[in-house]
Structures are given as structure tokens and as C-alpha cells.
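1. 3D, please:
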Amino acid sequence: MNIAFLLSVFRVHALLIVASVMAACGPNGALLSPATTSPEVNDGSIFAQPSNIDLSGMPTKVQLAGVFSNHMVLQRETPIRIWGRAPAGDTLQVGFRGERKTVIADRNGNWQTLLRPAPAGGPHELMVKGSNTLHLHDILVGEVWVCAGQSNMEFTVGQALNAENEIAAADHPQIRHLKIAHRASLQPMDDIEPTGWKVSSPATVSEFSAVAYFFARKLQQQLHVPIGLVNVSWGGTHAETWISREALARDPDFAPIMASLPNTQQAWLTQRTAKTQALVTAWQPKINADKEDPSLWSAPEYTDAYWRKLSVPQYWEEQGLENFDGYVWYRHELELNASQIATIAETPAILHLGAIDDCDKTWVNGQHIGTTCGWDKLRSYTLPIDNLHVGRNIIAVRVTDTGGGGGFHGDAALVKLQLGSTTLPLAGLWQSRIEAALNKPLPDANDLPTLAFNGMVRPLTPMRIRGVIWYQGESNVTRASQYVETFKHLITDWRSQWRQGDVPFHFVQLASFLPLERNSLEGSNWAELRDAQRQALMLPHTGMAVATDIGDANDIHPKNKQTVGLRLALLALGHNYGQAVTTNGPVFETMTVKGDQAILSFRQAQGGLVAHGSNGALHGFAIAGDDRRFVQAQAHIEGTHVVVSSPEVPLPHAVRFGWVNNPEQNNLFNSEGLPAGPFRTDRWPLTTEGHKFQSP
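-> Numbering: from 1, shown residues only. The predicted model follows:
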């Protein structure tokens, strides 16, 4: 038998004997309960995957996992898991609330221990002692919620409605917030970068997630216990990046993608280079970029007749450049006459380009007139007085996209040239050409599925939590039909990863967005995504907060996060904490047809239905016959029913409510002031059917 192995076993047993003796005494030699003295050897069971730790990087001292810091909140009334790293074989003492545990780091340097459940309260001290001692203070025990999603969850209190007053009133020391740093990883990670818990105060709260903070504020007011918020959000992320490899591999849509998923940096670079080159070659086959200097492309005399065309404004991912991150040029020609030029003799012209994702560098007639970065910032550039001239004028824009959607986006009416009191619309087809793909040595969250899960979620799964609140979906709108199953996969996967059963999972249905004039009764990707979210309610212990009444037609980030947080809190208070509160607005239940009328019944309407802001007239309903052509309908309330009809539809077959991009005009509420969410009674084909996630 290997002598070195025997010596290591002897060393561990000797340490166990010494540790048992030491553990029997508490501070100042006080005897501890025998039940707290048995050493625990970590078996790695807290990790969903085998450890990916490089043994050459064995820690040289005792460490706590990055989620631990001063001011943190631990979940009450459940065994408390403490874990971290230490030199292999080291014996550690862990102390919390008078309890002491002895634990030995395993051969990979991992250790963990479970402490007995604790009631809400604090502050407490946490001590971990080995070759060095870690001492954390001001630890509270209360309710811990993971707050996850994309930019509307990441949106801060400092950006929210009435931010100045909210910040000034944020002295809530029992609300604590931990922001997890963005990290995309090809491999499941065991730990996060330590960022530290923050106590809610006027000095700190501006950087808290606004939705999470307002959610916590309501819970704390009602429950009178500490609330911990673990903010796991990343703007612009797709749902697929937040799901584990194993979960997606079980889905037939994703199984082929997951089978070829790279797991090393070099494999990813090789795959990305090949796919990007193939995409560029297919998209602009007649162009050889190596033969031209891109610095010439802003010049008015340059010939762009052989360039491709892209619609402005519209993300280029929706026009054949799926998953392309890099540099794309746009050029647009406009003719101006003498009278138009005369208008700018005293008042300079202003070029409005709307929003561009992520950065632009813009020239007019070869003259650089502005550069802006920020995917949601509106571009407005005042032109030099002598910049424009009679006849042919050229606008050139070099767009840089670093991830997610790329190019012009938003309201077409915002893309225009302002000449005094008149404007010239510039939306439409622009000449376009790829300059180069972005040079990225490492992937971003949306480059492949699972990357945000690996880097940001998986390291948190040993932590005991109360539940999850989720605000995401905007980045999945173009494949809303697929989101029905994708979102369910995410919820069931996270529950499996945390191994706490069906932990509560409450989410926000997407708010109203886009100009009303872009609404159409012929179909809506946004409506289909909202309905895909609604269908997740068939999973147990889920709840949905409707936000269609508090959106912003011109901003995908509505500032009223107070109402969003409150509605999520009502779901938690009613469903998870047993309080007698109304959790939802009216929920469609059944439809019956009587003659030319469709009669809809609702639940969550015990106090009656209400038509907000009108004299009993309801807005947002559409009706169709068997020809599947929807028209606006008349609707009125009768008790807990809504009667819908139209003279154009003598025999109704289906009704839809709020089935448009921007359903802000919906006004069906219950008596408690909560809105009904969009719904449909039909099962006719959707506009996004067949639109599926494409492997980058």
C-alpha cells in the first residue's frame, strides 16, 4: 500500500482526535454540547457538478465562500449551511449563535457544515477558525430572496421614479442587498467574486435593485423580520443563459446545441471564429473587406451601391445577422433643396438617430459630428451650420455592438432630420456593411446557453433561500412561442439546483412597451411572450405580477418599480406567508357564447370587476369569428363577467384581451385595484411559432 497515503490517513485521524478535544470546549474553555462536536468531512454533495478546482491552486488559508460577508442575511427556520475552502485536511471550528461545529476540508480543499435552524433576529457573529480566523459581524437571520433576470431587475433605486425621496427615506437597516458580479463561464463555477452585503441606507440604496428593494420594503413592513436580497441580474440576457447544461440537454430543441457546446476557451474561440466567418460570408458574399480601408466608408464620394440593406430602426439580429457582435456600417443618402437649406441659416439642423445598441460614431458628409455609447440612449446631434448643402447628402454611422441586440432600435419616428420647424423622416432601408466581428477572448452571457448560470447561479445553490423573484423576457420576445417551455425549464431547473423542493418563484409579466401606433390585432410578439409567462403558472408555487398598466411606450425600462415590487410582495405575502391579501387582478376562467355575444367569467374578482378611468366602458378587447380576423370589440361588465361583442362578428369564436405590443389602455381591474393580465381564448397559431434559439 502507498506509504504516503497511509501517512495522510494517519494525519487526518490524529487531527480528528485533537479536533474533538478542542471542540469540546467553547470560548474560555466552556464545555459545549456533545451534539455539536462531531467533525464533518465534506463529500462535495452541495455541488451539482464535480469540483472544477485546479488542485495546483489549493488555498493556503481558510476562506469562506464569496456569498459570506459582514451584514449578510441567512435564511431562518432551516438548517444553515456554511461553506468555503481551506488547505486539504485542515480541521476548522465554525461558531454561530453559541453553536460550534468541527469540519475537515476535503482533498480538494472544500469544506461545509450545517448549523441548526435559527429564528429571525440578530445581529450575530460568525466565526471560522483554522490556521487563520475569520470573524464576520452584524449577521441577521430572516428571509432570503434571490432577485434575478435582466435589466428591469438590475434597474436601480437611483434610476426609479421619485428616486431622490426614495433614497432619502431608505433607512431600513433590516433590509440587506448583495449584488452578484456579472460573470459568464464555460464551466460551472463553485464560487462568486466577493462583493459584500450592503445595509439599506440613504448612502447605499441607490445601487440596490429597485424592484427587489421595494419588494423587500413591503415584506419587512408586514413580517417585521430581516430581508436579504441576492441580486443575480444582468441586462439584456436571454433566458437560455440562466439554465444549466443538464436541464437544456433534456429539451429536444436544445439537445443538439448542448451536445456541441464548447467547454474550454480555445474550443469556444475556434467555434466562434468559424461560425462568424460563415455568417459574414453568407450575408455579404460579394464583399471582400480585406481589400478596402473602412476609414473611407464615411466619405460622401464613396460608392456603396453593392452593400446590403438593413431596416432602420430594427435590430440586425432580426434581419439575418443572428448573434453577430461587432462593427457594422450604415449609410443613408438624402436630397435637400434650396428652401430646406435656407431653414438652417439661423437655426442649426439636428440629426436624430433614436437609440442605437451599443455605440455609434456618426458622420454627415464626411464630417464627424458625434459619438455616443449606451444602448438605450437617444442620439441627437446638432450639425455645423455649413455641414449640409443643396443636393446629395450622406449620413454614415459606424455601430459597435458588444453583445445582445445590435443596431438601431425603438421608435421609427425618432429617426429624423430636424430642419427648423420641419422634419424629414429617415427610417427605412439603409445601405449596410459588416466591418469586422468583435474580438472577444471570452464569451459574454448571451454567446452560448448556460453561461450566466455557470458563473452566477450555480455558486449560490448551497445557500438556503426562501424563494425567487424574476423579471426577464424582453430578450426572448422574438421566440416567444419557445419561451413557454424554456421558462418552465428555468423554474424547474433552479428548484432542482437549490434542492429545497418547489421554492416559491414569482415573476413579472412584461410591461407595456412601444408606441401605440405600432399595435396591431394581427399578432404581437410581445403579447405572445406575456402569454408564455402566464403559462408558467401551471407550475406549483408560482405567481405572476401584471405590469401592463405601468409601462412606458418609449422606454423598455419603466421607472415605476414601486408598484412592481409591491405586486410581487403581495404574491409572497398571500401565497407564502399566509396573509389575507389580494394577490392578483381578475384572471380569465371560461368563455361561453350566446348569440353574438361572448361572455367571459373571471376569478380573483370577489369584490367585483372595475373599468378604470372610464364610464363603465372597457378597452383592450378584440373578437373574431371562424375567419380568425380580430376586430376591436365593445365590452362591458356584468357582475363578475365581461360581455364582449362586435357588429362585425355575428358568431364569436374567440376573444383576446391586451393582445398587442402595448396594452397600456387595458382597464379591467378588480375592486382592490389590481389589473387583469392579457389573455386569449383561442389556440390558433402564433406569429413566433418556429422561431427558436439559434446556436451562435
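2. for the closest residue to I350 other than its chain neighbours, phi and psi?
-> Spatially, and ignoring its direct neighbours in sequence, I350 is nearest to Q418 (4.2 Å; C-beta to C-beta, 6 or more residues apart in numbering). All C-beta spots, glycine's among them, are computed from the backbone N, C-alpha and C. The phi/psi pair for Q418 (degrees, to the nearest 10) reads phi -100, psi 120.
3. wait, doesn't Q418 sit right on T347?
-> No - applying C-beta atoms under 8 Å, one finds Q418 not in contact with T347, separated by 9.0 Å.
4. which of the two has more residues huddled nearby?
-> Q418 (19 against 13; other C-beta atoms under 10 Å).
5. show me where the chain has helices.
-> For the chain, applying DSSP state H gives helices covering 3-23, 151-154, 163-168, 210-223, 245-249, 255-259, 265-283, 338-342, 451-452, 480-498, 525-535, 561-575.
6. so what does the fifth one touch, helix or strand wise?
-> Same thing as helix 245-249. Applying 3 or more C-beta pairs under 8 Å, 6 or more residues apart in numbering; DSSP states H and E, one finds that helix 245-249 makes contact with helix 255-259, helix 480-498.
7. which of these has the lowest average pLDDT?
-> Sorting those by mean pLDDT places helix 255-259 lowest, at a mean of 94.
8. contacting residues around that one?
-> 245, 248-249, 449-450, 693, 695 (C-beta atoms under 8 Å, 6 or more residues apart in numbering).
9. now tabulate the residues you listed in JSON lines and tack on neighbour count.
-> Shown next, in JSON lines, are the contacts of helix 255-259 (neighbours: other C-beta atoms under 10 Å):
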{"residue": "R245", "neighbour count": "21"}
{"residue": "L248", "neighbour count": "23"}
{"residue": "A249", "neighbour count": "16"}
{"residue": "P449", "neighbour count": "28"}
{"residue": "T450", "neighbour count": "29"}
{"residue": "F693", "neighbour count": "21"}
{"residue": "S695", "neighbour count": "15"}
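10. for those, which one is nearest L353?
-> Distance to L353 across these (C-beta to C-beta) is lowest for F693, with 29.9 Å.
11. in this structure that closest one contacts D253, no?
-> Yes - checked against C-beta under 8 Å, the pair F693 and D253 is within contact range at 7.1 Å.
12. give me the common contacts of these two.
-> The contact sets of F693 and D253 overlap at Q482 (C-beta under 8 Å, 6+ apart).
13. which of the contacts of helix 255-259 sits closest to L414?
-> L414 has its nearest neighbour among these in F693, at 29.8 Å by C-beta to C-beta.
14. wait, what's in contact with L438?
-> For L438, the contact set (C-beta under 8 Å, 6+ apart) comprises 325-327, 400-402.
15. contacts made by stretch 579-589 with the rest, please.
-> 222, 543-544, 546, 570-571, 573-575, 600-605, 609, 657, 668-670, 672, 674-677, 679, 681.
16. let me fix that: stretch 668-680
-> Stretch 668-680 is contacted by residues 509, 527, 530-531, 534, 544, 546, 548-549, 567, 570, 582, 584-588, 602, 604-612, 618, 620, 642, 654-659, 663, 666 when judged by C-beta under 8 Å, 6+ apart.
17. can you check stretch 81-88 too?
-> By C-beta under 8 Å, 6+ apart, stretch 81-88 touches 42, 46, 58-65, 68, 92, 94, 96, 101, 105-115, 126, 128, 130-131, 191, 462-464.
18. ditto for stretch 282-291
-> Contacts of stretch 282-291 with the rest of the structure, by C-beta under 8 Å, 6+ apart, involve 306-308, 320-321, 433-436.
19. sorry, back to before: inside strands: which ones of the contacts of stretch 81-88?
-> 63-64, 92, 94, 96, 101, 110-115, 126, 128 (DSSP state E).
20. just send these back as a markdown table, with pLDDT and neighbour count too.
-> As requested, the ones in strands among the contacts of stretch 81-88 are exported to a markdown table (pLDDT from 0 to 100; neighbours: other C-beta atoms under 10 Å):
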| residue | pLDDT | neighbour count |
| --- | --- | --- |
| Q63 | 96 | 21 |
| L64 | 97 | 20 |
| L92 | 97 | 24 |
| V94 | 98 | 27 |
| F96 | 98 | 22 |
| K101 | 97 | 24 |
| N110 | 96 | 23 |
| W111 | 97 | 27 |
| Q112 | 97 | 23 |
| T113 | 97 | 23 |
| L114 | 97 | 17 |
| L115 | 98 | 19 |
| L126 | 98 | 23 |
| V128 | 98 | 25 |
